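Colleague: No sequence on hand, only this structure:
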DNA sequence: CCTTTAAATAATATATGCGTTATATAACTA
DNA sequence: TAGTTATATAACGCATATATTATTTAAAGG
C-alpha cells in the first residue's frame, strides 16, 4: 500500500519522530518545532511536508502561522498493520506453548 | 534511537512488509520467500539482511538453508514507540471532549 | 506603504537505497 | 570427488532523500 510506504518512511527519521513526539504534547507552529533542532527552518518545513504527505499530521492556516497537530487516521493505519504481526506472533507463541506442554522430558532441548 | 531508525526504514519497503506478512504464517527459507516476488534471489537476501539488522527477524542455520522467523523483540519496540502517539492522541480527544461538553450552544463552531 | 515575521520553494551537493549480473561459499548428493 | 542446491557477497547504475543557502510569498504591524 502506498500510504504505508510513506508512513513508515516518515517514521524512519529521528527528527520527524521527535517532531511527532513534540506534537503529542499539543498543536504548535513551525518555528516552535524548529527551535530544539540544530537545523535550518527550510529543513524542518520539508520534514513537515513529509509527515503531512504520510498523513501523520495536519496543518491549518492561522494568519501567517501554520499550526500542526497529529493526524489520528494516519497513525491508526500503521497501528493496524502492526497489529497483524503482533497477532501472528501471539499465535506462534501459543503454538510453542502447546508444543512445550506436550513434550516429554527426554524431548526437551539441551542448553 | 538507532534501532527505531532501522526498524521503521525496514518497514517502509512493500517487499519487506510482504516478507514479514509471509513470516507471520510461520518460519520459511529464503528461496521460499523469494518465490512470490518478481525479483532476483540476491535482492531478497538483501531485504532479509535489512530486516535482520532492524531486529525484525532472526535466522538459524539448517544445513544449507537459513530459515527465517519473526523476532518479537524488534516488533515490540516499535509498538511501544507508537503507543506514545496513540496515548497522546487519546488524551487530545479527551480534552476535545471536555471542551465540547462545556461549550455553550452559541460557542459552537459554524459549518 | 514599508518592514518584519512565518513559512514555503528552488537550486544544488552529497549520501543512501534498491535492483541487476556475476561470482563465491558451503553443504548435501550421486 | 564432482555436481547441484541454497544463500551470500561484490561491483555497479540509477533513483530518491536530506541538508544547505538563497529567494519568494503572504500576512501583520507600525
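Modeller: Ah, there it is. The model shown is predicted, which means the values in this text are computed figures rather than measured ones. Numbering: from 1, shown residues only, chains lettered A, B, ... in the order given.
Colleague: Any idea how many residues pack against the closest residue to DNA strand D within chain A?
Modeller: Residue nearest to DNA strand D within chain A (Cβ to the nearest atom of the strand): residue A:63, separated by 2.9 Å. Any C-beta I mention is one placed from the backbone N, CA and C, and that applies to glycine too. Other residues within reach of residue A:63, judged by other Cβ atoms under 10 Å in any protein chain shown, total 5.
Colleague: Next, it: phi, psi?
Modeller: phi 70, psi -130 (degrees, to the nearest 10).
Colleague: Do you know the pLDDT at it?
Modeller: The model reports residue A:63 with a pLDDT of 92.
Colleague: now do residue A:48
Modeller: Here the pLDDT value assigned to residue A:48 is 98.
Colleague: what comes into contact with whichever strand or helix holds it?
Modeller: Under the criterion of DSSP states H and E, residue A:48 resides in helix A:41-53. The contact list for helix A:41-53 (Cβ atoms under 8 Å, 6 or more residues apart in numbering or on different chains) reads A:6, A:9-10, A:13, A:15-16, A:19-20, A:30-31, A:33-34, A:37, A:57-59, A:68.
Colleague: returning to what we had before: could you report the distance from the residue of chain A closest to DNA strand D to residue A:29?
Modeller: Plainly put, residue A:63 is 10 Å away from residue A:29 if you go by Cβ to Cβ, to the nearest Å.
Colleague: Any idea how many residues pack against residue A:11?
Modeller: If you count neighbours by other Cβ under 10 Å, residue A:11 ends up with 27.
Colleague: Show me which residues of stretch A:70-79 are buried.
Modeller: A:70, A:71, A:72, A:74, A:75, A:77, A:78, A:79 (16 or more other Cβ atoms under 10 Å in any protein chain shown).
Colleague: can that stretch be found next to DNA strand C?
Modeller: No: Stretch A:70-79 lies apart from DNA strand C when judged by Cβ under 7 Å from any atom of the strand; the minimum separation is 14.7 Å.
Colleague: Just checking the distance from that stretch to the centre of its chain.
Modeller: 8 Å (Cα atoms, centre = their mean, to the nearest Å).
Colleague: Contacts for it next, please.
Modeller: Stretch A:70-79 has contacts (Cβ under 8 Å, 6+ apart) with A:3-4, A:7-8, A:11, A:20, A:23-24, A:54-58, B:82, B:85-86, B:88-89, B:92-93.
Colleague: Kindly recompute the last result at 10 Å.
Modeller: Here stretch A:70-79 makes contact (Cβ atoms under 10 Å, 6 or more residues apart in numbering or on different chains) with A:1, A:3-4, A:6-8, A:10-11, A:20, A:23-24, A:26-27, A:51-59, A:86, B:8, B:11, B:78-79, B:82-83, B:85-86, B:88-90, B:92-93.
Colleague: Now, of the residues you listed, which are buried?
Modeller: Here, 16+ other Cβ under 10 Å leaves A:4, A:6-8, A:10-11, A:20, A:23-24, A:27, A:51-52, A:54-59, A:86, B:8, B:11, B:78-79, B:82, B:85-86, B:88-89, B:92 buried among the contacts of stretch A:70-79.
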